[in-house]
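Undergrad: just the structure for this:
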Amino acid sequence: MTTPGNRGESTSTSHMAEQAQRRAPEAPSQQTSSNDNHALEELRHLIVAPERQGLAEIRDRIDNLERRAEDVSSVVAEAIQMRREQGDDQALTQALGPTIEATLRDSVRERPHVIADALFPVMGPAIRKSIAETLRTMLESFNEALEHSLSWQGIKWRIEAIQTGKPFAEIVLLHSLVYQIEEVFLIHRKSGIVLCNIAAPGIEPMDADMLSGLLSALQQFAQDALRANRDDWLDLFRVGERPTWVEMGPNALVAAVFRGNPPEDFRVRMRNVLEEIHQRYGAALERFDGDVAPFRATECTLAQLLEKRVRQGEQSGKKKPYAVMTVASLILMALLGWGSYVTYRVHQWSAFERTLQQESGIAITSFERDGGEYRIRGFRDPLAPEPAALARQAGVDASRAQFQLAPFYSLDDSFVARRANKLLDPPKTVKLSVKGGVLRAEGAARPDWIERIRDRGPWIPGVRELDLSSLKDAEVVALHRNVAEIEAVKLLFRVGRAELESGQQDELEKTKGTIAAMLGHASRSNQSVVVEVVGHTDTTGMEASNLPLSRQRADQVLQALEHMGIRNSALQPVGVGTSQPLRAEDSDEGRRLNRSVTFRVKVTPVVPAADEKPQ
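TA: Below you'll find the model as predicted:
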């Protein structure tokens with residue numbers, strides 16, 4: 001194989017070889033053969049070497065990936081441009097799309113800051129513009145509804161809303177709106193597929209597929225029922241209060257859903273938008289295979305058709321900025337509310353501090369605020385209320401307070417009294433009180449508890465002196481109570497007899513129990529008791545016989561008590577006859593009471609013998 005550039009050189013070389021062979025003298029056969037081989041090798045080298053070198057270089061360019069990549073990189077941009085100029089954008093998009101998407105996905109996952117930095121100049125203004133537009137639309141709607149709500153016309157519209165059952169906002173819109181384009185659709189003409197749709201802010205988008213199906217069904221019905229031309233299309237249909245205008249193009253149509261009465265020149269703008277879309281996406285519309293992704297960029301073009309107009313009177317500059325005033329009022333109210341809340345909290349903590357200062361058993365030395373918390377130092381009696389409980393009662397958050405209160409004994413009379421009650425555990429019949437450091441006990445208690453208060457009372461913190469003048473021995477009290485009950489007993493006897501009247505036996509049983517209890521109290525209180533059983537008679541009969549009869553009555557009762565278990569040493573019978581009458585005998589009842597036996601009790605302390613130690 002030779003190249004055109006080497007063809008002449010090869011021919012010249014062959015001619016020179018032939019001349020050399022003619023001039024060469026004939027030699028012996030062996031020498032001639034050797035020279036021929038050498039000449040052939042030189043001739044082969046001269047003929048084939050350039051081709052071999054070229055083939056080796058081509059093979060190296062093919063096998064060497066770096067050189068092959070370098071060659072492709074030098075023409076890849078021109079190849080893409082050439083393919084785009086040929087009009088085959090779809091194939092180029094399908095080829096490069098997955099690679100670009102994967103690259104972006106990996107870049108976002110591994111180096112998100114790079115994408116963020118690249119989009120920063122665009123995202124910030126776009127987000128701010130979107131938020132500003134949303135707030136503007138919201139404020140305009142709110143201002144419009146608020147203005148109508150505060151007017152006589154607004155009141156009438158509210159009545160109309162109640163009568164018709166429609167929302168007030170819808171009534172306002174119907175009365176004040178000239179027209180509003182709510183939603184725009186771009187639909188492929190042959191397939192009926194919605195390529196793109198866009199809705200106005202605050203409008204809930206319709207089901208695009210349902211609208212496309214409805215439009216196709218209406219068109220088919222019109223062509224079949226009215227025998228219309230296949231190229232004729234509906235240009236207007238209405239569903240409820242939302243009519244739809246349709247503009248038809250060669251490969252696509254634009255449908256605009258609106259309220260009110262838009263001007264006729266709006267159709268001109270629809271045709272202009274449709275022509276612009278056909279101009280930019282004509283090839284894609286002709287080759288449409290169901291992929292709507294290439295047509296998403298038409299949103300910006302369709303957005304030109306979204307507009308809203310209200311009556312001139314509603315747009316005049318005389319409208320009051322109700323929304324701004326309302327927002328300012330709300331902000332002012334929020335600030336006032338926050339200030340009131342903060343002031344209230346500060347007042348609560350101040351009130352809590354005063355409560356602690358006034359609480360007995362708690363002495364506050366410092367009450368400091370550190371950021372959002374409070375540090376409280378001082379002293380607290382163990383019997384004082386828990387500070388956390390006082391904080392909850394005051395309505396403050398106890399978790400925001402740090403209590404550093406050292407224990408101490410309060411000398412307040414109420415705390416000394418509480419401390420005495422806790423340490424001495426008095427019976428229910430004893431009341432302890434403290435005044436000026438003097439512990440006073442009132443009531444009756446057993447001797448062992450009286451001995452306890454005498455021993456422990458002076459050692460209670462805060463007690464300087466004991467006052468037991470009103471404290472009585474419970475046994476002595478009970479003893480005197482029994483004495484009073486016994487001395488009030490009157491056992492009645494029959495006339496002239498030493499026998500009890502009927503029914504007096506139960507009274508005797510009761511008296512026996514009282515005497516036994518009295519003797520027990522006397523024994524426990526170290527008292528000696530003697531019960532005199534005194535017999536009485538009335539004045540009937542001779543005194544000489546009345547005195548012995550009274551003694552017999554006393555002996556009769558004494559014997560009965562002894563029989564019931566009362567010891568004889570505690571009873572002394574006495575007969576007084578008529579000398580100690582119980583009642584004047586001016587009636588039968590008076591004489592009956594004088595025929596009785598009564599009791600007199602003598603109580604004396606027991607004096608221990610000189611050689612006995614007091615118990």
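Undergrad: contacting residues around the most centrally placed residue in the chain?
TA: Nearest to the geometric centre of the chain sits residue 397, at 16.3 Å (Cα atoms, centre = their mean). Taking Cβ atoms under 8 Å, 6 or more residues apart in numbering, we find residue 397 in contact with residue 391. Placement of C-beta: from N, CA and C, glycine included.
Undergrad: phi and psi next, for it.
TA: Dihedral pair for residue 397: phi -80, psi 110, per degrees, to the nearest 10.
Undergrad: try the one 5 residues further on
TA: Recorded main-chain torsions at residue 402 are phi -110, psi 110, according to degrees, to the nearest 10.
Undergrad: again, but for residue 428
TA: Phi and psi for residue 428, reported as degrees, to the nearest 10, are phi -60, psi -20.
Undergrad: check the burial of it by counting its neighbours.
TA: For residue 428, the count of nearby residues is 7 (other Cβ atoms under 10 Å).
Undergrad: stretch 107-117: which residues count as buried?
TA: Buried residues in stretch 107-117, counted by 16 or more other Cβ atoms under 10 Å: none are found.
Undergrad: can you tell me what sits against that stretch?
TA: Against stretch 107-117 from outside (Cβ under 8 Å, 6+ apart): residue 104.
Undergrad: likewise for stretch 408-420?
TA: Contacts of stretch 408-420 (Cβ under 8 Å, 6+ apart): 360-361, 363, 379-381, 383-384, 432-437, 439, 457, 460-463.
Undergrad: try stretch 348-356
TA: With contact meaning Cβ under 8 Å, 6+ apart, stretch 348-356 is reached by 362, 364, 367, 369, 374, 376, 378, 387, 390-391, 394-396.
Undergrad: next SSE after the host helix or strand of residue 558?
TA: According to DSSP states H and E, residue 558 maps onto helix 543-564. Following helix 543-564 in sequence order, the next helix or strand is strand 571-575 (DSSP H and E).
Undergrad: list the buried residues of that next one.
TA: Here strand 571-575 shows 571, 573, 574, 575 as buried, counting by 16+ other Cβ under 10 Å.
Undergrad: nearest to residue 327 among these?
TA: residue 571 (104.1 Å; Cβ to Cβ).
Undergrad: pretty sure the closest one contacts residue 559?
TA: No - assessed by Cβ atoms under 8 Å, residue 571 is found out of contact with residue 559, at 9.5 Å.
Undergrad: narrow the contacts of stretch 348-356 to those in strands?
TA: The strands, defined by DSSP state E, take in 362, 364, 367, 369, 374, 376, 378 from the contacts of stretch 348-356.
Undergrad: which of the residues you listed ranks first by neighbour count?
TA: Neighbour counts for these peak at residue 362, which has 22 neighbours (criterion: other Cβ under 10 Å).
Undergrad: which residue comes closest to residue 598 once chain neighbours are left out?
TA: Spatial nearest neighbour of residue 598, excluding adjacent residues (Cβ to Cβ, 6 or more residues apart in numbering): residue 534 at 4.9 Å.
Undergrad: from what I can see that neighbour touches residue 597, true?
TA: Yes - at 6.6 Å, residue 534 counts as touching residue 597 under the criterion of Cβ under 8 Å.
Undergrad: count of neighbours near residue 475?
TA: Neighbours of residue 475 (other Cβ under 10 Å): 20.
Undergrad: what helix or strand is it on?
TA: Assessed by DSSP H and E, residue 475 sits inside helix 474-487.
Undergrad: ok, of the contacts of stretch 348-356, which one's closest to residue 606?
TA: Using Cβ to Cβ, the contacts of stretch 348-356 come closest to residue 606 at residue 362, 52.2 Å.
Undergrad: surely that closest one touches residue 386?
TA: No - using Cβ under 8 Å, residue 362 is not in contact with residue 386, being 10.2 Å away.
Undergrad: can you tell me how far residue 445 is from residue 542?
TA: Noted for residue 445: a distance of 55 Å to residue 542, by Cβ to Cβ, to the nearest Å.
Undergrad: which strand residues bridge residue 185?
TA: Beta bridges link residue 185 to residue 197, residue 255, judged by DSSP bridges.
Undergrad: quick one: average confidence on the helix holding residue 475?
TA: For helix 474-487, mean pLDDT is 90.
Undergrad: in that helix, what's buried?
TA: Neighbour-count burial for helix 474-487 [16+ other Cβ under 10 Å]: 474, 475, 476, 477, 478, 479, 480, 482, 483, 485, 486.
Undergrad: now do stretch 386-402
TA: Applying 16+ other Cβ under 10 Å to stretch 386-402 flags 387, 390, 391, 394, 396, 401 as buried.
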